[in-house]
Structures are given as C-alpha cells and as structure tokens.
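J.: below are the sequence and a predicted model for it; my questions follow.
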Amino acid sequence: MLCGPGPCHILVCMNGKGSLPHVLNTSLEEYHTDSTLQYYKVVFDFGTMHKLHHWEAEAERLAAEIGPGIFQHKILFISVHSEVMCGDLFAGKDKNNEDVTLPPMEFMMHLFSGCLQHVINGSTVFMLLCGPLVASCGSLSSLKEAIVW
C-alpha cells in the first residue's frame, strides 16, 4: 500500500492534466477517502521579486497545511522545464514576460523556502525534469548540491 493508514499528500508543483501525479492520484482515489488522501496542485512562479515574495508567503501557508507531523506520507512531484543551452530550471516569467531560469540549487532554495523546506524531510520527492539539465555539467552539479542540501 503506497499510502498506509493516515492521510497521504500529493503535492504537484507544476503540470496539470494528464501528468503523472494526476494519474497517481486518480488511481489512489479508489482506495482512499477525502480524509486519507489529499491532492494539491500548486503552481509556482518566482520570475520577479514581487512574484518571489508572493511565492514565499504561499510556501509558508502550504507548509502550515501539510507540515511535519500532519500527514504520515507525503509524495511531492516537482515538474519543471529546463533551459536548452545551460540546463537551468524554469522559475517563471519576468516583467517583460520572458522566461527566467535559475541554477537548480537556487531554484530549490526558492521553491522550498521558509518552513516548506522542512516538509521535504521524510517525503518522497520525484523530480520530473527535462533532459538538458543532465546534459549540462554545471546544472547537474547544482542539482546534486541541492539534493544533499
């Protein structure tokens, strides 16, 4: 049983319909009630300082809802594109609606800002990333650094 007794959380940070987290949630719904399985779809954008501050507030709210000790099992899916040339991760749009990318370590620090960083401890985390990330030594090293952070 993937999510034993007690509520299980599935956190989707990006990507919606047809995505792997959605399919997993649909499969598990058959075996759980609303009190034992909760599914969150969270879209992030920290492409500007204003958006980053908004995300930091949202991250704190989310951490309070799903934080340590509240749910026995947490499954976190992070689905994000990477920049083709350097492999950095897509963080959102800037004021000119241009893509903003960040090295994986910086991206993860922003994504799991504040108390949300404590949620990943003891969670199962799946990172659904584009191939250019692993093709770039710099981005791959930054991802490895973020994982042990």
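T.: Done, it's in. Numbers count the residues shown, from 1 in each chain.

J.: number of residues surrounding the spatially closest residue to Phe46 that is not a sequence neighbour?
T.: Nearest residue to Phe46 in three dimensions, chain neighbours excluded: Leu52, at 4.0 Å (Cβ to Cβ, 6 or more residues apart in numbering). For every residue, glycine as well, the C-beta is placed using N, CA and C. The local packing of Leu52 (other Cβ atoms under 10 Å) involves 18 other residues.

J.: buried set for the helix or strand hosting Ser27?
T.: Taking DSSP states H and E as the definition, Ser27 sits inside helix 20-29. Residues of helix 20-29 classed as buried by neighbour count (16 or more other Cβ atoms under 10 Å): 21-22, 24-25, 28.

J.: secondary structure class for the residue at minimal distance from the centre of the chain?
T.: The centre of the chain sits closest to Ile78, judged by Cα atoms, centre = their mean, with a distance of 3.5 Å. Here Ile78 is strand, with the state taken from DSSP: H, G, I helix; E, B strand; the rest coil.

J.: my guess is it meets Met127, correct?
T.: Yes - using Cβ atoms under 8 Å, Ile78 is in contact with Met127, at 4.9 Å.
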